[in-house]
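Student: Prediction below, plus the sequence it came from.
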Amino acid sequence: MFIESGSDLPTALLDPPATRPGGRPPVPPIVGPPIEASPRGARLHCPENRQVVRSLFVSDIHLGCRHSQAGALVDLLDRYQPEKLYIVGDFIDGWKLKNRWRWRPEYDAVLRRLMELKREGVELFYTPGNHDNFLRGFLANFGLIDIQDRFVHVAADGRRFVVTHGDQFDRVEQSAQWLSLVASYAYDGLLTLNWLGNRLRGKKHDPYAFCAGVKARVKRLVTHVSEFEGQLIADARGADCDGIICGHIHVPRIAELGDVAYLNTGDWVENCSALVENADGSFELVRGDGRVLDRLAARPAPASAPRPTAAAV
Ligand SMILES: [Mn+2]
């Protein structure tokens, strides 16, 4: 069941349901996330059960693309209570929405949860990507949300991280955007084909795994050509930072490359992954169901200087 018009948006925003996610309709099978969604009518994560974290980073939700797994994102946003929330680009898929307006109830649920977090005092940051680059014309701190091309996030352990979408460092994106557009449509077709193939074979689990595999290989090639990671690392180093937090290539990854850390939050089309910063400044790459994919330890506290003993005086 699809709601293919924007007519539900204002009503849903003006009249939010009393309980959530009970009011949400079940996720249609075509966008069925590979992870377990909340049972209908149950609020899995009541406020007192939420995991308190320092920061949460999500990217590449692609609202407007029919493969966006926004329902799974609502579950994740319901699971955590961050102090800061960063949207690291491609939140809205302007390329898709421009061709065909598609707005689903889950998208409203994402927006409602963001508003709820804001009311609770969470700081919201948004760095646009290539699919929502129309927002790059509106870079400002609007109070409600701070929209900038890049941020420097200071972790609890003092490390500094550049936060940016990353397409600025994708050579394909910068020099041959037509190729990127063609690839985007091919990718969409691949996702649909893969979903269909799995349906025909009666497979129910992880419908996007094959696709993620193909895409990972293609993207690895692209990233190799454009030296995506290397460019971002160099940028972080140039900005005198200890790491880079990005999205864009839909490959969740934590890597320590030399003295700089590379953290890619992944996406909400195939991987349903996000980056969490804990109170001590350590990071975790998590799936929507809470499974931890990888970790980055906090910087060890500097050893305290040895105290002068009485004998040394
Ligand atoms: Mn992107």
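Tutor: Received the coordinates, thanks.
Student: least trustworthy helix or strand in this structure by mean pLDDT?
Tutor: Here the helix or strand of the chain ranked lowest by mean pLDDT, DSSP states H and E is helix 8-14, holding a mean of 38.
Student: Which neighbours in the sheet does the helix or strand that it is followed by have, and how are they oriented?
Tutor: Downstream of helix 8-14, the first helix or strand assigned by DSSP states H and E is strand 51-58. Its sheet considered, strand 51-58 pairs with strand 80-87 (parallel), strand 273-277 (antiparallel) by DSSP bridges.
Student: what residue ranges in the stretch 51-200 of the chain are flagged as low confidence?
Tutor: Applying pLDDT under 70 to the stretch 51-200 of the chain flags the ranges 174-183, 185-186, 190, 194-200.
Student: residues in it within reach of the ion, list them.
Tutor: Within the stretch 51-200 of the chain, the positions near the ion by Cβ under 5 Å from the ion are D90, G129, N130, D167. Just so you know, the C-beta spots here come from the backbone N, C-alpha and C atoms, and that holds for glycine as well.
Student: Name the nearest residue to the third one, sequence neighbours excluded.
Tutor: Right, N130. Nearest residue to N130 in three dimensions, chain neighbours excluded: D167, at 4.0 Å (Cβ to Cβ, 6 or more residues apart in numbering).
Student: ok, how many other residues are close to the one you found?
Tutor: Using other Cβ atoms under 10 Å, D167 has 23 neighbouring residues.
Student: just N49 next, same as before
Tutor: Neighbour tally, N49, other Cβ under 10 Å: 11.
Student: quick check, R112 in a helix?
Tutor: Yes. Read with DSSP: H, G, I helix; E, B strand; the rest coil, R112 is one of the residues of a helix.
Student: out of the residues of the stretch 51-200 of the chain next to the ion, which is most surrounded?
Tutor: Busiest of those [other Cβ under 10 Å] is D90, holding 30 neighbours.
Student: Report the separation between the residue nearest to that residue when sequence neighbours are not counted and I92.
Tutor: Once flanking residues are discounted, D90 sits nearest to G129: 3.8 Å by Cβ to Cβ, 6+ apart. In this view, G129 and I92 are 9 Å apart by Cβ to Cβ, to the nearest Å.
Student: re earlier: hey, which of the strands paired with strand 51-58 is tucked in deepest?
Tutor: strand 273-277 (a mean of 26; mean count of other Cβ atoms under 10 Å).
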